[in-house]
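> okay, here's the prediction I keep looking at, along with the sequence it came from:
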Amino acid sequence: MQLDLRSVCLVIGYLLGLVLLIAGAATISLASETRRKIVHLGMGMACLALPLFFAHPASRWYVLALLILVLCGLHWLRSSKPNKYRDVLYAVQRRSFGEYYFALAVWIAYDLCRTTPHIYVLAILTLAFADTLGALAGRSFGRHYYHCGVSHKSIEGSIVFLCTSLCLSLIFFAPPLAILIAMTATIFEGLSGDGLDNLTVPLAIVFLCRHLAYRFSEICSTPAQIWQLDLLLLGVLALVLAFKQSSTLQGGACLSVVSVILLAYLSGGLGFALYPLTAFFGYSHMLPHRYRIPGSHATLPVLAVFATFLVWHLLPDLAPGIRNGGMALALALHLCMIGVADLSGKRYGQKKEAVGLKIKRTALVAGKALAVSIIPFTLQTVLLPSFKTALNPILDTGTMCSIGAICLIMATIYFIMVATCLAFLYSTQKFPIAPASKRRWLRQSLVALTGSSMAIAMVGCIIDLI
């Protein structure tokens, strides 16, 4: 009963503190963005004490109740008529839902880090200080901007965020891991718009630290291996940004490419990371020239492509050859669909001649896409001994016993891919190329996943017959 009474008093105290913080900020004659960041910093500092005040396992529900009450109060304040208290948070000239993401991130980080409070403290400190200083520095000194959806961020602000995050990480971890955490937090801050960084930054720190702690002996058993991971992340970042101009991705979308490659590497190793990396360069090569408009695509296309690979990676009880073959075929389908984007709609009219032209063009693009998709699949047999061992039953025991059988399998994959692309092109609805079309990218992901599954099933049947 004493625990319950104390927790209730702490919840009430937090709510009163938030009210006083907003009321105090309303009396300060500063720019709206500055006042908003003062409240942001104050809320972050108050949340640092949650693991101390609510240390008992049963207290998690009091924290959840506190955050729900805070969200209800913020929603009421947002929907109220303009006044000096509402203007503290909602007078900025940009769309933002950061206050909601903030509360959600605090709850998730608190619940995941009850046994590792130092990780929670680092995540909230980064959210409170690095985000605040980065935003204020970008607003005051920003001269070079990059887009993230409809919003934009400054390179100067991101540099300040990186430096602040690095200084905070060095308090808790050695330099190799601190650098990795700072770079990861900066990448996720740069790819998140509309206040979403309030959610992605702390969760990226929490999940990275928890993952490294869980797999420490596998990928980061020594400081030298952590340095290698730092160099790998830095190299991928430099490579993606160097080829940004040849792609259609915004700056934030390029950072999302780096983030999914990092996620793929941490969850599946180098073999899994090869697929999103190949997709990035393949898209730049396969996209028709008239659609190569720099900065025309945001993060959604990156997530749509990576989601297909992630589904294959997470499917349980699959042999390595089947899993990676499915990802290779999904990559080929993605590249083929983007390569025939200019054949959609009414570009060639409704004449019968257009059907043959589309089929010929799609066949050529499909073969090209298949050739590109074989690259990561082949590299795994060269670079990864474990994957090569998994393929030995197919490569060495005579299952594919003739050149004719291999040609038949390749033809089957080829024609299934072409048929899927044709079904995509000749759907009743126009195939949109608009960057903001969510339906277009959802459809492409579903087609890639379905087509690759059909192709894998067909190949399995042919192997059984042989």
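Yep, it's here.
> what's the local residue count around the residue lying closest to A174 once chain neighbours are set aside?
What sits nearest to A174 in space, not counting adjacent residues and going by C-beta to C-beta, 6 or more residues apart in numbering, is P223, at 6.6 Å. C-betas here are computed from N, CA, C, even on glycine. Neighbours of P223 under the rule other C-beta atoms under 10 Å: 12.
> show me the shaky parts of the protein.
For the chain, applying pLDDT under 70 flags the ranges 1-34, 58, 82-96, 214-222, 342-360, 381-437, 459-466.
> buried residues, stretch 135-142. List them.
By neighbour count with 16 or more other C-beta atoms under 10 Å, stretch 135-142 contains the buried residues A135, L136, A137, G138, G142.
> was I right to think the first one contacts K37?
Yes: with the criterion set as C-beta atoms under 8 Å, A135 and K37 qualify as a contacting pair; they are 5.9 Å apart.
> want to throw the buried residues of stretch 135-142 into JSON lines with secondary structure?
Below are the buried residues of stretch 135-142 laid out as JSON lines (DSSP: H, G, I helix; E, B strand; the rest coil):
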{"residue": "A135", "secondary structure": "helix"}
{"residue": "L136", "secondary structure": "helix"}
{"residue": "A137", "secondary structure": "helix"}
{"residue": "G138", "secondary structure": "helix"}
{"residue": "G142", "secondary structure": "coil"}
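> okay if I get these as JSON lines plus distance to L196?
Below are those laid out as JSON lines (distance: C-beta to C-beta, whole Å):
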{"residue": "A135", "distance to L196": "14"}
{"residue": "L136", "distance to L196": "19"}
{"residue": "A137", "distance to L196": "20"}
{"residue": "G138", "distance to L196": "16"}
{"residue": "G142", "distance to L196": "19"}
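> apart from its neighbours in sequence, what residue is nearest L315?
R323 is the one closest to L315 (C-beta to C-beta, 6+ apart), at 6.9 Å.
> name the element that neighbour belongs to?
Using DSSP states H and E, R323 maps to helix 320-339.
> same check on P316?
Going by DSSP H and E, P316 is not in any helix or strand.
> how close does it get to R323?
Applying C-beta to C-beta, to the nearest Å, the value for P316 to R323 is 10 Å.
> which of the two has more residues huddled nearby?
Taking neighbours as other C-beta under 10 Å, P316 and R323 compare with R323 leading, 21 against 4.
> and the chain, what are its domain boundaries?
By the assignment in automatic domain parsing, the chain contains the domains 2-238, 285-465.
> counting neighbours, what do you get for D317?
Residues within reach of D317, counting by other C-beta under 10 Å, total 6.
> elements contacting the longest helix anywhere in the chain?
Assignment by DSSP state H gives helix 251-286 as the longest helix of the chain. The contact analysis (3 or more C-beta pairs under 8 Å, 6 or more residues apart in numbering; DSSP states H and E) places helix 251-286 against strand 145-148, helix 175-191, helix 197-214, helix 223-242, helix 300-314, helix 320-339, helix 352-383.
> one more pass at 6 Å, please.
For helix 251-286, the packing partners by 3 or more C-beta pairs under 6 Å, 6 or more residues apart in numbering; DSSP states H and E come out as strand 145-148, helix 175-191, helix 223-242, helix 300-314, helix 320-339, helix 352-383.
> can I get those in TSV including distance to G42?
Output for the helices and strands packed on helix 251-286, formatted as TSV (distance: least, C-beta to C-beta, whole Å):
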stretch	distance to G42
strand 145-148	26
helix 175-191	20
helix 223-242	33
helix 300-314	33
helix 320-339	45
helix 352-383	48
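> so which of the ones you listed gets nearest P57?
With C-beta to C-beta as the criterion, P57 lies closest to helix 175-191 of the helices and strands packed on helix 251-286, at 27.1 Å.
> contacts for the closest one, please.
Helix 175-191 is touched from outside by 126, 158, 161-162, 165-166, 169-170, 197, 200-201, 204-205, 208, 223, 226-227, 229-230, 233, 252, 255-256, 258-259, with contacts defined as C-beta atoms under 6 Å, 6 or more residues apart in numbering.
> now swap in stretch 367-374 and tell me
By C-beta under 6 Å, 6+ apart, stretch 367-374 touches G282, A328, L331, A332, L335, C336.
> out of those, which is nearest to H152?
Nearest to H152, judged by C-beta to C-beta, of these is G282 at 27.6 Å.
> list the contacts of that closest one.
Neighbouring residues of G282 by C-beta under 6 Å, 6+ apart: L335, V372.
> got it, and F280?
Applying C-beta under 6 Å, 6+ apart, we find F280 in contact with V257.
> 7 Å instead, please
Counting by C-beta atoms under 7 Å, 6 or more residues apart in numbering, F280 makes contact with V240, V257.
> how far away is it from A366?
Distance from F280 to A366, by C-beta to C-beta: 20 Å.
> for I119, same thing?
Shown here: I119 relative to A366, a distance of 47 Å by C-beta to C-beta.
> what do you get for L199?
Applying C-beta to C-beta, the value for L199 to A366 is 39 Å.
> more neighbours, those two?
Set side by side, L199 and A366 show more neighbours around A366, with 27 against 23, by other C-beta under 10 Å.
> thought L335 was touching that one, still the case?
No: using C-beta atoms under 7 Å, A366 is not in contact with L335, being 9.0 Å away.
> who touches both of those two?
The contact lists of A366 and L335 share no entry, where a contact means C-beta under 7 Å, 6+ apart.
> for the closest residue to L300 other than its chain neighbours, grab the count of nearby residues.
Take L300 and drop its neighbours on the chain: the residue closest to it by C-beta to C-beta, 6+ apart is W441, 5.5 Å away. A count of nearby residues for W441, using other C-beta under 10 Å, gives 20.
> M458 now?
15.
> and the helix or strand hosting it, what's buried?
If you go by DSSP H and E, M458 is part of helix 438-465. In terms of neighbour count (16+ other C-beta under 10 Å), helix 438-465 has its buried residues at 440-441, 443-445, 447-449, 451-456, 459, 462.
> so which of the helices and strands packed on helix 251-286 is nearest A264?
Of all the helices and strands packed on helix 251-286, helix 300-314 comes closest under C-beta to C-beta, at 7.2 Å.
> rewinding a little: which one of the buried residues of helix 438-465 is nearest to V70?
Nearest to V70 out of the buried residues of helix 438-465 is W441 (C-beta to C-beta; 34.1 Å).
> the closest one against P301, yeah?
Yes: with contact defined as C-beta under 7 Å, W441 counts as touching P301 (5.7 Å).
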